[in-house]
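In: Starting from these lines, generate the structure:
(chains A, B and C)
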Amino acid sequence: MIVLFTDFGADDIYVAQVKAVLAQHTAPGTPVYDLLHSVPNFDATAGAHLLAALQGWFRAGSVFFAVVDPGVGGARDPVVLEADGKAYVGPDNGLLSVVAARAAKARMWRIVWRPATQSLSFHGRDLFAPVAAWIATGNLPKDSLQEIPALSVQLGAEDLAKAVYVDHYGNVLTGLRAANVSRSAKIEVDGHQIAFARVFADVPAGGAFWYENSVGLVEIAVSGGSAAQTMRLRVGDPIRLA
Amino acid sequence: MIVLFTDFGADDIYVAQVKAVLAQHTAPGTPVYDLLHSVPNFDATAGAHLLAALQGWFRAGSVFFAVVDPGVGGARDPVVLEADGKAYVGPDNGLLSVVAARAAKARMWRIVWRPATQSLSFHGRDLFAPVAAWIATGNLPKDSLQEIPALSVQLGAEDLAKAVYVDHYGNVLTGLRAANVSRSAKIEVDGHQIAFARVFADVPAGGAFWYENSVGLVEIAVSGGSAAQTMRLRVGDPIRLA
Amino acid sequence: MIVLFTDFGADDIYVAQVKAVLAQHTAPGTPVYDLLHSVPNFDATAGAHLLAALQGWFRAGSVFFAVVDPGVGGARDPVVLEADGKAYVGPDNGLLSVVAARAAKARMWRIVWRPATQSLSFHGRDLFAPVAAWIATGNLPKDSLQEIPALSVQLGAEDLAKAVYVDHYGNVLTGLRAANVSRSAKIEVDGHQIAFARVFADVPAGGAFWYENSVGLVEIAVSGGSAAQTMRLRVGDPIRLA
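Out: Model (predicted):
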């Protein structure tokens, strides 16, 4: 199973090209999941915290194609991470580093294989996709990888007290794991204090609250409305607990 | 065949999680169709009329995962509807009720099975997806369902004289079935009277008209333009026939 | 392999209906790729140049379902193009004509088969999808096609000095092939002159540049930003080389 996690946009020209390459290197019918193609553009930090939360819902053996790569064509290395039985293929720019830091067991490699022809701007298609496909099928050529002791860019295992994603309802996901936050804590936004609620149905229409979302993160929501619009929240905004 | 019909957003973090669960409970290669993930947010009424129109294009034996569920975590029941040879899995909040009311044959059940662990906010993933998968594969555990005589929330079989969906061209779909509307009827919008046309190619660029769309609904359109923008129409707006 | 290239919108009600029809006429597991569903609405010219650039990444034997069809229901013919080992199914409105003009070998046919029932507005589902499926499976009924010497609407093989697509990053793709443009050429936009750069990582944040994108087109970009917003560029805008 290959899981795609990118900022390529689901309705754009990039994802199908990646899938066509994956198909060339995998058995027919190999499942490919579009986990998310709207990671905030160029934002490896937000992506790293989202990926760490979302990967939990995929089984051991999954291969994540995780590409948010504003430095493509520059000096950053392409890498592979193996963490608690799952593999991650992507750039060494922090994106994989929260998963790595939180894993019980992690190994990592620099990808030294290079395609015969490679575009300067789309390593996702030309370099990361073949490597992800080969890992998924167990056909990675020897000498493709060189083990490294650590990633170059490390964001650490700690939670991130910022907004990391706004979903299409306008709910604001944070980099805080709800297991680490007291249910009596309030979030200060825009001069208001937002209290915990168990679930949308417990809050009157238009009311703001925070809750533990379905992947374990603290999420700010407005019942029947858009928290992002109502409270003018954007990805990167700091989240203050009171 | 499993058909997804939700307000989860196609480019958001929810659909892939549902698909991963479906894959755990179905044979490899079981087809899953993304019928629509942009049902108007939280709008079970608009969704009910869209679903009733769109389901006609899928074969008997199809299993619809139909989830627009603003009351998740509250008192509404999860239900299964069997209507004219197709199955529907979703919340008992009206979403399935137009299909039920229009069916020649319908039976319905409350889902009494509960997953060992269930998020409070994402029953789509945790409860509805396994049930849909089991129905699609014929593996639904005995005692998962309890037959009920009727749905709790019933919108009825009648057409809905409102805008129920705006597509990405700006065409405005209504809850009126075109078979029930005279071709000489005009639609009053914003002080203008809009006449019937057979097809876009019959109308000069910029002209407004209504027509029978490809799923049998009355649809308001502007040739080469956006009816929603031109006429400031939104989901929920009343549609007046003159 | 069937490749979808349309202006139907990825998150709208149309694509799944097409896929359901394709599935009825192909073997289970036949791969279907969503190359692009956000071709600029109604814009066969922009679509023609995008298609010519994007098709190169798909293998011989691919069948393209290419439908941008504002004249649906009018006089334009449905056609099939065979060009350099790939097939294209779509309307004869220019959309397939750049591929045809640039091909080393091309043959073309009018589709004379008609479905028993056909909606007036959705030939994609009712006419083009079955034909594409039959070609992909080698089951096209005899007498479905009638060979024609040329397409009715021909845009020619030449490059197009216009913006043809804005991706979700705000990068602006043009109809100019980068192989035909000197690296010392500058693009004049909005009173500024934009120089070539090899890749995003070579340009300081906020800087504008043009580069050869991953499908060989001249693309205007802003490092870490949106070229379309910064320079107020839209599809159809002329691109001037200095």
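
In: Need the three-state assignment for the residue nearest to the spatial centre of chain A.
Out: For chain A, the residue nearest the mean C-alpha position is A:L51 (2.7 Å; CA atoms, centre = their mean). Using DSSP: H, G, I helix; E, B strand; the rest coil, the structure places A:L51 in helix.

In: Please enumerate the helices of chain A.
Out: With helices called from DSSP state H, chain A shows them at A:15-24, A:44-54, A:97-102, A:123, A:129-137, A:227-230.

In: For the ones you listed, give me CSV that also has mean pLDDT.
Out: Converted to CSV, the helices of chain A look like this (pLDDT from 0 to 100):
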stretch, mean pLDDT
helix A:15-24, 94
helix A:44-54, 98
helix A:97-102, 98
helix A:123, 95
helix A:129-137, 98
helix A:227-230, 96
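
In: B:V131 is nearest to which of these?
Out: helix A:44-54 (23.0 Å; CB to CB). C-betas here are computed from N, CA, C, even on glycine.

In: neighbouring contacts of the closest one?
Out: A:5, A:7, A:35-36, A:39-40, A:64, A:66, A:68, A:70, A:88, A:91, A:93-99, A:102, A:153, A:155, A:159-160, A:162, A:164-165, A:173, A:175, A:177, A:215-217, A:235-236, B:13, B:17 (CB atoms under 8 Å, 6 or more residues apart in numbering or on different chains).

In: next one: stretch A:175-190
Out: A:46, A:49, A:53, A:159-162, A:164, A:193-196, A:208, A:210-213, A:216-218, A:220, A:231-233, A:239-242.

In: how about the residues of chain A near chain B?
Out: Residues of chain A lying close to chain B by CB under 8 Å from any CB of the partner chain are A:1, A:3, A:9-11, A:29, A:31, A:33-38, A:50, A:54, A:57-59, A:165, A:167-169, A:198-202, A:211-215, A:224.

In: Leaving out sequence neighbours, find the closest residue to the spatially most distant residue from the centre of chain A.
Out: Going by CA atoms, centre = their mean, the residue of chain A most distant from its centre is A:P204, 31.8 Å out. Distances taken as CB to CB, 6 or more residues apart in numbering or on different chains place A:S223 nearest to A:P204, at 6.5 Å, with adjacent residues excluded.

In: again with A:A178
Out: Looking at A:A178 with CB to CB, 6+ apart, the closest residue is A:E212, at 3.5 Å.

In: Verify the stated contact: the one you found with A:A221.
Out: No: taking contacts as CB atoms under 8 Å, A:E212 lies outside contact range of A:A221: 11.2 Å.

In: quick one, which of the two is more surrounded?
Out: Legend: neighbour count by other CB atoms under 10 Å in any protein chain shown for A:E212 and A:A221, higher for A:A221 (28 against 20).

In: ok, now which ones touch A:K162?
Out: A:K162 neighbours (CB under 8 Å, 6+ apart): A:46, A:174-175, A:235-239.

In: Among those residues, which are located in strands?
Out: Among the contacts of A:K162, the residues falling in strands (DSSP state E) are A:174-175.

In: how about the residues of chain A near chain C?
Out: A:9-17, A:19-20, A:23-24, A:28-29, A:41-42, A:70-75, A:119-122, A:125-126.

In: picking up where we left off before, in JSON lines: the helices of chain A, plus distance to A:E147.
Out: Formatted as JSON lines, the helices of chain A follow (distance: least, CB to CB, whole Å):
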{"stretch": "helix A:15-24", "distance to A:E147": "25"}
{"stretch": "helix A:44-54", "distance to A:E147": "21"}
{"stretch": "helix A:97-102", "distance to A:E147": "14"}
{"stretch": "helix A:123", "distance to A:E147": "21"}
{"stretch": "helix A:129-137", "distance to A:E147": "15"}
{"stretch": "helix A:227-230", "distance to A:E147": "42"}
